[in-house]
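Q: Just the structure for this:
(chains A, B, C, D, E, F, G, H, I and J)
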There are 10 protein chains.
Amino acid sequence: MLFHVAIEVSLPPEMPPEQRARLLAAELDRGVELRRGGVIRHIWRIPGAIRNVGIWDAADATELHAQISSLPLFPYARADVMALADHPVEAAAR
Amino acid sequence: MLFHVAIEVSLPPEMPPEQRARLLAAELDRGVELRRGGVIRHIWRIPGAIRNVGIWDAADATELHAQISSLPLFPYARADVMALADHPVEAAAR
Amino acid sequence: MLFHVAIEVSLPPEMPPEQRARLLAAELDRGVELRRGGVIRHIWRIPGAIRNVGIWDAADATELHAQISSLPLFPYARADVMALADHPVEAAAR
Amino acid sequence: MLFHVAIEVSLPPEMPPEQRARLLAAELDRGVELRRGGVIRHIWRIPGAIRNVGIWDAADATELHAQISSLPLFPYARADVMALADHPVEAAAR
Amino acid sequence: MLFHVAIEVSLPPEMPPEQRARLLAAELDRGVELRRGGVIRHIWRIPGAIRNVGIWDAADATELHAQISSLPLFPYARADVMALADHPVEAAAR
Amino acid sequence: MLFHVAIEVSLPPEMPPEQRARLLAAELDRGVELRRGGVIRHIWRIPGAIRNVGIWDAADATELHAQISSLPLFPYARADVMALADHPVEAAAR
Amino acid sequence: MLFHVAIEVSLPPEMPPEQRARLLAAELDRGVELRRGGVIRHIWRIPGAIRNVGIWDAADATELHAQISSLPLFPYARADVMALADHPVEAAAR
Amino acid sequence: MLFHVAIEVSLPPEMPPEQRARLLAAELDRGVELRRGGVIRHIWRIPGAIRNVGIWDAADATELHAQISSLPLFPYARADVMALADHPVEAAAR
Amino acid sequence: MLFHVAIEVSLPPEMPPEQRARLLAAELDRGVELRRGGVIRHIWRIPGAIRNVGIWDAADATELHAQISSLPLFPYARADVMALADHPVEAAAR
Amino acid sequence: MLFHVAIEVSLPPEMPPEQRARLLAAELDRGVELRRGGVIRHIWRIPGAIRNVGIWDAADATELHAQISSLPLFPYARADVMALADHPVEAAAR
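A: All right, here's what the predicted structure looks like:
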């Protein structure tokens, strides 16, 4: 099932640069894993802050939460989730 | 360029059923055209009301507005638009 | 999968009483069908207006939307949906 | 009487991992007690953050507050409470 | 049990003056009944619009909803309800 | 004159327990003084967090602010104030 | 006592021009009466819509509501009221 | 002085097409006058609805309101205004 | 030109009392200067927190910002500004 | 393509004055570079806090994000972005 996941990250500005860089690199790695594994089907950055919107694929909301909370930045983030239904335009366009 | 477009439609409940059906059919037709033409890249329904979220592709915001306002339901709708940036996870995952 | 569905209904105050009564009766009938069929697992009224909160069971968000939009009051209603994940307390309590 | 209780927890990201783990374990234990004791009748996780929604059973709002504030994470949490009324669909479906 | 009930009324400005007067008179009558019967324990007007805040006493939220929806202005109103708990200051002050 | 005062308190979770206990005890003492002195006419807890709603009696908003800011928890609190008018139901019910 | 009163007016666009003109003229007349009588101490327009902010002087919130609801546009308006306290700068500056 | 003016227009969907076209043409004419006269210094459409954001130049807020309310769509519009101050980057960049 | 300025101050509760007292005294001094100099034309406290609303007089928004940011509490404050237009009631009442 | 970018900065009040001055100077320098380079086409301060609104020119949202996040204050800031479309008034006025 597909979910619309909007994530906004709040990193404390006073975080030491190395810790910040390390966290962001780990986040990228985990994101790539999820993207390659098909959990994240699409992801875009919303410009102007550390935030993104993505389309995630998971068996259900329980699995989805497990995947979102596996992100290294999860303790600094807030994700808002919407379950997505098929839109009739997609079927009709095929 | 890609845009995140969330559309919510408010049809007056007292609209005659045939007018409602005709409008929804025209909306579906136009949606299919936009989807086949590649303007709408993805579209999902947000369950519980007449609303959807889509990824639209347009040269710029001027063209995007022309496409959104070509929808038969545009006078009954409100679309909120966010410009989308590439997310580094997409490039790294390739 | 379970969904948290909050529905708020706005009936035009000037609606003729018989139409109002007929709509509310049809809504009750359809609600009972959904409740008996296990689609609505729990439903409570939120006091002070025509609104309720329920736990709905559907294969996915597409089926959920079909069920919500089968309600006779759907054209007068707005439903906000949240996908629900299992909470570890439930498993641990068993 | 039944109450709809939505709880959102904000743990400081810099909290030492052991303290975090200890708190979360204590929270789970207390949640299980409340669930087994019938105070929490249902509880679900809302995916994407440390938040949940539950149906609590208490004699009145005074007892409810005592139960909510017995949670080890109460100083880090905010609970929003709605009193629930019976919905006619439940009676009619029986 | 006590409830904090905030009611806001939206009367259509084009309502004929006699209908408006009749509705407001009926609302006052019903309010007086509820006040004398002890259902409304206190009620105050919030200045600047047709809105009030009151302390209502009801066995539970089901009875409370029945009382609120017995108001002649209910179809034009929206009531927001909060369950109230005892505050320790009240007990300590006695 | 009467005022509707809603107070929400945010205590830092990391505050040492003794300081927290001392502050809460001082708050209770001051609350009892204000209640006995007739400044606080009614006070209820809103369950789920450290928040309350009360009816305060003061000559005017200047005196009201002095009373609210005399609370030991004032530096941790935010109070929202609404001036209350008489409601015609109260006079008519007498 | 002084009150901060923000008023926003929503006139139906389809109101006949003469009725609109008549209402606005009556509103101006009543405003002038209140201003000359010292009930409205100051009033400014907030540009961009039919809205204003004023400082009103009334014995209490009951009298204030009577004055606000005496405005011909009251059925089309919504007024938000804040009780005002003396600010120490005013006393110190004298 | 410069002002940031965001305008959102709500045209009733049931407005006859000719009236709608006439109003929009008149709005365009008046907009062009204001633009040529230097009152509107810049204007952009915000895609997805009938809304725009502009930089307006007026002696003060009184003149600004007169200009905004001269728009034929003013009865259908809501304008939110922010006074703009010089930003030090502009002076330093010259 | 006149501006409506609403200021809300957030002092960290853990600020040492002397620093807090010193800051508040400096704020009062600067406020008195601005009030005597005619920059602040009126100022009132909004009861229940450290917040106020005032009518400020400045040549334009650039000067206004300079005056607001000259307040010693500026780093702890947030000011929301609205440009004020003349209201026809004021002219008509003279 | 043009973007409307509103930036609000939250500097911790306890930041040492030299660090604050250094950051603000670096921010000004970078702003001047972006302004001279044509990335920032216009920028204004919104009075009352450290916030501004600007018109930025970038090939797309990806480049825009890179430019916004090159600001030294980015870790302390939040930027809200709206894609801008051409408004017909501009073309018609030429």
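Q: Which residues of chain A lie near chain H?
A: Near chain H, no residue belonging to chain A is found when assessed by CB under 8 Å from any CB of the partner chain. Just so you know, the C-beta spots here come from the backbone N, C-alpha and C atoms, and that holds for glycine as well.
Q: Show me the strands in chain A, by range?
A: A:2-9, A:40-45, A:51-57, A:77-83, A:85-86 (DSSP state E).
Q: so who does the residue nearest to A:Ala58 when sequence neighbours are not counted touch?
A: Excluding the flanking residues, the one nearest A:Ala58 by CB to CB, 6 or more residues apart in numbering or on different chains is A:Leu64, at 3.9 Å. A:Leu64 sits next to A:3, A:5, A:56, A:58, A:81, C:83, C:85, D:47-48 when contact means CB atoms under 8 Å, 6 or more residues apart in numbering or on different chains.
Q: ok, back up a step: will you turn the strands of chain A into a markdown table that also has mean pLDDT, distance to B:Leu34 and mean neighbour count?
A: Formatted as a markdown table, these follow (pLDDT from 0 to 100; distance: least, CB to CB, whole Å; neighbours: other CB atoms under 10 Å in any protein chain shown):
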| stretch | mean pLDDT | distance to B:Leu34 | mean neighbour count |
| --- | --- | --- | --- |
| strand A:2-9 | 98 | 20 | 20 |
| strand A:40-45 | 98 | 18 | 20 |
| strand A:51-57 | 98 | 19 | 21 |
| strand A:77-83 | 98 | 22 | 21 |
| strand A:85-86 | 98 | 17 | 20 |
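Q: Would you reformat those as a markdown table and include distance to chain D?
A: Listed next are the strands of chain A as a markdown table, based on distance: least, CB to the nearest CB, whole Å:
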| stretch | distance to chain D |
| --- | --- |
| strand A:2-9 | 7 |
| strand A:40-45 | 14 |
| strand A:51-57 | 10 |
| strand A:77-83 | 3 |
| strand A:85-86 | 17 |
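Q: Tell me which of those strands lies nearest to F:Arg41.
A: Closest to F:Arg41 of these, according to CB to CB: strand A:77-83, at 39.8 Å.
Q: Please name the nearest non-neighbouring residue to A:Ala26.
A: Of all residues not flanking A:Ala26 in the chain, A:Pro72 sits nearest, at 4.1 Å (CB to CB, 6+ apart).
Q: I figured A:Ile46 was touching B:Asp86, is that so?
A: No: when contacts are counted by CB atoms under 8 Å, A:Ile46 is not listed as touching B:Asp86 (11.5 Å).
Q: ok, back up a step: contacts only, for the residue nearest to A:Ala26.
A: Applying CB under 8 Å, 6+ apart to A:Pro72 gives the contacts A:23, A:26-27, A:30.
Q: What residues does chain A have near chain F?
A: Applying the criterion CB under 8 Å from any CB, no portion of chain A neighbours chain F.
Q: Quick check: bridge partners of the closest residue to chain E within chain A?
A: Closest contact between chain A and chain E, by CB to the nearest CB, is at A:Asp80 (23.7 Å). A:Asp80 has these beta-bridge partners by DSSP bridges: A:Ala6.
Q: quick one: it and A:Asn52 touch, right?
A: No: contact status for A:Asp80 versus A:Asn52: not in contact, 11.6 Å apart, counting by CB under 8 Å.
Q: okay, and the common contacts of those two?
A: Counting by CB under 8 Å, 6+ apart, the shared contacts of A:Asp80 and A:Asn52 are A:Ala6.
Q: what about the longest helix in chain A?
A: helix A:17-36 (DSSP state H).
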